[in-house]
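Student: Give me the fold of what follows.
(one chain, ligands or ions: 1)
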Amino acid sequence: MSYVGPDFDPPQPRRSRRPLTVALAALVPGALLGWLAYQAVGASGDDGGQDRASVASSASASSGGPAASTAPSTSKASSASSASATGDDERPASPAPSSARSAPAASGPLKGKVVVIDPGHNPGNFQHTADINRKVNIGTNLKECDTTGTSTNAGYSEARFTLDVARRLRTILQKQGVRVKFTQDGDRPWGPCVDERARIGNAAHADAAISIHADGAAAGDRGFHVILPGAVHAGAADTRPIVDSSADLGERVAGNFVRATGSAPSNYIGDGTGLVTRKDLGGLNLSTVPKVFIECGNMRDSKDAALLTSGAWRQKAAQGISEGIVSFLRAS
Ligand code: ZN
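Tutor: Presented below is the predicted three-dimensional model:
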């Protein structure tokens with residue numbers, strides 16, 4: 001899927017950005033920091049400057065607290081425990097099998113908070129096309145239960161990527177005392193369907209929920225974007241109570257993602273803001289808790305793919321996402 005977006009050159013030299021980011025870190029709290037750092041070094045030869053400025057101010061207005069500067073910045077990767085797929089997942093279980101298990105809450109500043117992480121797709125989906133093509137009701141309309149997701153040209157699948165980032169994110173959040181639940185942890189043969197992914201967050205009464213993805217756009221399309229729920233009121237969907245809180249969550253995630261990864265907001269969607277509002281995603285439409293998606297990059301672009309396939313970069317991505325979530329949890 002490709003999008004037509006503004007022509008924009010993503011900033012290249014990460015090295016030159018670091019001193020500036022560090023200098024700004026002493027001055028600017030919260031999500032705004034990332035946007036400022038990005039704007040300062042990235043605004044050359046593009047036509048999206050004013051849009052980013054407006055987002056920067058809105059991120060500033062809604063960022064109530066400092067970013068998670070106290071978050072442990074471990075570089076230790078989570079172990080990729082690949083459980084074998086067992087069990088019958090026909091039923092819309094809530095909670096789902098073992099993926100809904102959450103580790104005992106550790107002590108930490110965010111003890112008592114619950115975060116649901118939704119690793120997009122499932123590595124087994126491509127072997128269960130009939131199951132994932134079944135239609136489910138997302139409030140506004142019927143839509144496929146789930147999709148296979150995309151992959152890099154070399155075959156690294158989005159589903160593997162999302163699980164890896166999700167596991168790294170879980171490790172970081174648990175160290176803050178957050179209770180983390182997954183919608184799937186590679187422990188079921190396919191799915192869950194998008195409606196169940198939403199229900200798992202709802203049933204957990206999550207303080208925040210996030211769905212992890214990477215995009216499959218045209219080569220040359222680069223950068224990340226965070227997807228916010230639009231106001232939907234149709235059928236079983238009513239996002240109106242979560243639109244504002246989800247936007248707050250999304251702005252914090254976007255700002256911290258910029259800062260932690262050095263990646264620029266998407267150059268093909270979102271007018272350079274890194275934020276996109278959608279009303280066609282069941283995982284958002286059916287959510288009753290603050291929830292966003294993040295498309296971490298474009299797997300079909302070779303430069304983005306080089307980042308997405310790097311474990312060190314995925315750790316930065318998880319760190320940035322975690323700091324956005326922690327910032328949101330502290331303010332809420
Ligand atoms: Zn996806």
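
Student: now His225, which residues is it bridged with?
Tutor: Beta-bridge partners recorded for His225 (DSSP bridges): Glu295.

Student: Oh, that last question was meant for Phe182, not what I typed.
Tutor: Applying DSSP bridges, one finds that Phe182 bridges with Ile117.

Student: Tell me the confidence at it?
Tutor: Phe182 carries a pLDDT value of 98.

Student: Now the closest residue to Ile200 other than its chain neighbours: phi and psi?
Tutor: Closest residue to Ile200 apart from its sequence neighbours, by Cβ to Cβ, 6 or more residues apart in numbering: Thr183 at 4.8 Å. Yep, even glycine has a C-beta here, placed from its N, CA and C like the rest. In terms of degrees, to the nearest 10, the main-chain angles of Thr183 are phi -80, psi -30.

Student: For the chain, which segments count as strands?
Tutor: With DSSP state E applied, the chain shows strands at 114-119, 135-137, 142-144, 179-182, 208-215, 225-229, 233-234, 237-238, 275-278, 291-298, listed in chain order.

Student: Turn these into JSON lines, columns for distance to the ion and mean neighbour count.
Tutor: Listed next are the strands of the chain as JSON lines, based on distance: least, Cβ to the ion, whole Å; neighbours: other Cβ atoms under 10 Å:
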{"stretch": "strand 114-119", "distance to the ion": "10", "mean neighbour count": "27"}
{"stretch": "strand 135-137", "distance to the ion": "16", "mean neighbour count": "15"}
{"stretch": "strand 142-144", "distance to the ion": "12", "mean neighbour count": "15"}
{"stretch": "strand 179-182", "distance to the ion": "16", "mean neighbour count": "23"}
{"stretch": "strand 208-215", "distance to the ion": "3", "mean neighbour count": "28"}
{"stretch": "strand 225-229", "distance to the ion": "10", "mean neighbour count": "27"}
{"stretch": "strand 233-234", "distance to the ion": "23", "mean neighbour count": "12"}
{"stretch": "strand 237-238", "distance to the ion": "20", "mean neighbour count": "20"}
{"stretch": "strand 275-278", "distance to the ion": "13", "mean neighbour count": "18"}
{"stretch": "strand 291-298", "distance to the ion": "7", "mean neighbour count": "28"}
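
Student: So Phe182 sits against Ile117, correct?
Tutor: Yes: shown here, Phe182 and Ile117 form a contact pair, counting by Cβ atoms under 8 Å, at 5.5 Å.

Student: Give me the common contacts of the two.
Tutor: Ala166, Arg170 (Cβ atoms under 8 Å, 6 or more residues apart in numbering).

Student: State the pLDDT value of Ser107.
Tutor: So, for Ser107, pLDDT stands at 84.

Student: show me the contacts for Gly283.
Tutor: Asp118, Val194, Arg197, Ala198, Ser211, Lys291, Phe293.

Student: and Gly270, what pLDDT?
Tutor: 98.

Student: Now do stretch 143-162: everything it contacts.
Tutor: 119-123, 125-126, 129, 131-136, 190-195, 212-216, 280, 282, 296, 299-300, 302, 305, 308-309, 314.

Student: Would you work out how far apart the start and end of that stretch are?
Tutor: Taking Cα to Cα, to the nearest Å as the measure, stretch 143-162 stretches 21 Å from start to finish.

Student: Now do the buried residues in it.
Tutor: 143, 145-152, 156-162 (16 or more other Cβ atoms under 10 Å).

Student: Mind checking which of those are in helices?
Tutor: Among these, the members falling in helices (DSSP state H) are Glu158, Ala159, Arg160, Phe161, Thr162.

Student: buried subset of the contacts of stretch 143-162?
Tutor: The neighbour count (16+ other Cβ under 10 Å) marks 119-123, 125-126, 131-132, 136, 190-195, 212-216, 282, 296, 299-300, 305, 308, 314 as buried among those.

Student: How about Asp146, nearest residue that isn't a chain neighbour?
Tutor: Ile132 (4.3 Å).

Student: wouldn't Ser107 be in contact with Gln176 here?
Tutor: No: using Cβ under 8 Å, Ser107 makes no contact with Gln176, being 9.9 Å away.

Student: So those two - more neighbours on which side?
Tutor: Higher neighbour count among Ser107 and Gln176: Gln176, with 24 against 7, using other Cβ atoms under 10 Å.

Student: My understanding was that that one contacts Val326; is that so?
Tutor: Yes: between Gln176 and Val326 a contact is recorded at 6.1 Å, counting by Cβ under 8 Å.

Student: check contacts around the closest residue to the ion within the stretch 51-200 of the chain.
Tutor: The ion sits closest to Gly120 of the stretch 51-200 of the chain, with a gap of 4.0 Å, by Cβ to the ion. For Gly120, the contact set (Cβ under 8 Å, 6+ apart) comprises Gly149, Glu158, Ala159, Thr162, Ser211, Ile212, His213, Phe293.

Student: With Ser107 instead?
Tutor: Residues near Ser107 by Cβ under 8 Å, 6+ apart: Gly177.

Student: coming back round to it: closest to Asp248 among the contacts of Gly120?
Tutor: Nearest to Asp248 among the contacts of Gly120, counting by Cβ to Cβ, is Phe293 at 15.2 Å.

Student: Correct me if wrong: the closest one contacts Asp215.
Tutor: No: under the criterion of Cβ under 8 Å, Phe293 makes no contact with Asp215, lying 10.3 Å away.
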